[in-house]
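give me coordinates for this.
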Amino acid sequence: TDVTSSPGATTNDATPSFGFSSTEASTFQCQLDANAFAPCTSPITLGSTGDGSHTFTVKATDAAGNTGPVTSYVWTIDTVAPTITMSIKPPNPTNDSTPDFAFGADETVPAGFQCQLDGAVFAACTSPKTFGTTADGSHTFTVKGNDTAGNTGQTVYTWTIDTVAPTITLSTKPVDPTNDTTPDFAFSASETISGGFQCKLDAGAFAACTSPKTFGTTADGPHTFTVKGADSAGNNGS
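Down below sits the predicted model:
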């Protein structure tokens, strides 16, 4: 008895089919794993079969009642997609316009990975992957790969690139010159300042501050007030 068709050695087909024949007119009996032999005809499609290693066995009996030796085929069913993870990815949001990614799978991906940025076509890639200059805005990086059985796993990461510094404006400030020795300042930014504002007067050190800001008695002479802040992507405006 010969097995003439069978699933691959590792497959994600949970209802595998087999073809078989004999050297003379015969009836056949088939067996899956340790189950009992049962009459069968070629081709035969098995019902839903669980993941793991399996053995399909077939034997033939001719018209005179002679039963030939069994023929067996061993194969593995794997219907579980590989898990692909990113070990390196840009923060969200970020001001890095050449983002880096590193990724891997929990099982062998024999044909390698494929990557996609936004709506571009998938292309072969390796880890780590660095993109060239990428425009401000929302982006989606996808990486996928097939295991030996043909199951496809993929992971997706969406993030925003923002390389534009916030604009900080002074809405209240003393006239120049002024006789006000306790000057007041009010300020705001064109976008959210994630870590809050920092202020300094002249050559002093920057310190956390809020608007409005009033200084204590300040000596006669020229003075410089500076306020700065960073947005959530890390861009500094002042």
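
any idea of the mean pLDDT for the host helix or strand of Val58?
Here Val58, judged by DSSP states H and E, is contained in strand 52-62. The average pLDDT within strand 52-62 is 98.

the next helix or strand after that strand pairs with which strands, parallel or anti?
Using DSSP H and E, the helix or strand that follows strand 52-62 in sequence is strand 71-77. Counting by DSSP bridges, the strands paired with strand 71-77 are strand 10-11 (parallel), strand 52-62 (antiparallel).

shaky segments in this structure?
Under the criterion pLDDT under 70, no range of the chain is flagged.

residues contacting stretch 39-57, please?
By CB atoms under 8 Å, 6 or more residues apart in numbering, the list of residues contacting stretch 39-57 from outside reads 3-6, 14-21, 27-33, 37, 58, 70-80. Where you see a C-beta, it was placed from the backbone N, CA and C, and this is true even at glycine.

surely Ala230 touches Gly237?
Yes. Using CB atoms under 8 Å, Ala230 makes contact with Gly237 at a distance of 7.5 Å.

can you tell me the SS state at Phe20?
Secondary structure for Phe20, judged by DSSP: H, G, I helix; E, B strand; the rest coil, is strand.

what's it in contact with, if anything?
Phe20 neighbours (CB under 8 Å, 6+ apart): 1-4, 28, 42, 44, 58, 71.

which among these count as buried?
1, 3, 28, 42, 44, 58 (16 or more other CB atoms under 10 Å).

and the last one, what does it touch?
Val58 makes contact with 1, 3, 18, 20, 28-31, 40, 70-71, according to CB under 8 Å, 6+ apart.

for Thr10, see how far away it is.
To Thr10, Val58 is 21 Å away according to CB to CB, to the nearest Å.

what's the closest non-adjacent residue to Phe113?
Distance criterion CB to CB, 6 or more residues apart in numbering; nearest residue to Phe113, sequence neighbours excluded, is Gly145 at 4.6 Å.

the closest residue to Thr148 other than its chain neighbours pairs with what?
For Thr148, ignoring the flanking residues on the chain, the nearest one in space by CB to CB, 6+ apart is Thr10 at 4.7 Å. Residues in a beta bridge with Thr10, per DSSP bridges, are Thr76.

pretty sure Thr10 contacts Thr79?
No. Checked against CB under 8 Å, the pair Thr10 and Thr79 is beyond contact range at 11.0 Å.

how close does the residue nearest the centre of the chain get to Pro128?
For the chain, the residue whose C-alpha lies nearest the mean C-alpha position (CA atoms, centre = their mean) is Thr155; its distance is 3.0 Å. From Thr155 across to Pro128, the span is 15 Å (CB to CB).

what does Glu191 give?
Distance from Glu191 to Pro128, by CB to CB: 31 Å.

those two: which has the busier surroundings?
Using other CB atoms under 10 Å as the criterion, Glu191 and Pro128 rank with Glu191 on top: 17 against 11.

need phi/psi at that one.
Note on Glu191: its backbone torsions stand at phi -150, psi 170 [degrees, to the nearest 10].

kindly report the same for Val175.
When quoted as degrees, to the nearest 10, the phi and psi of Val175 stand at phi -70, psi 160.

count the residues that sit near it.
Val175 - counted by other CB under 10 Å - has 8 other residues nearby.
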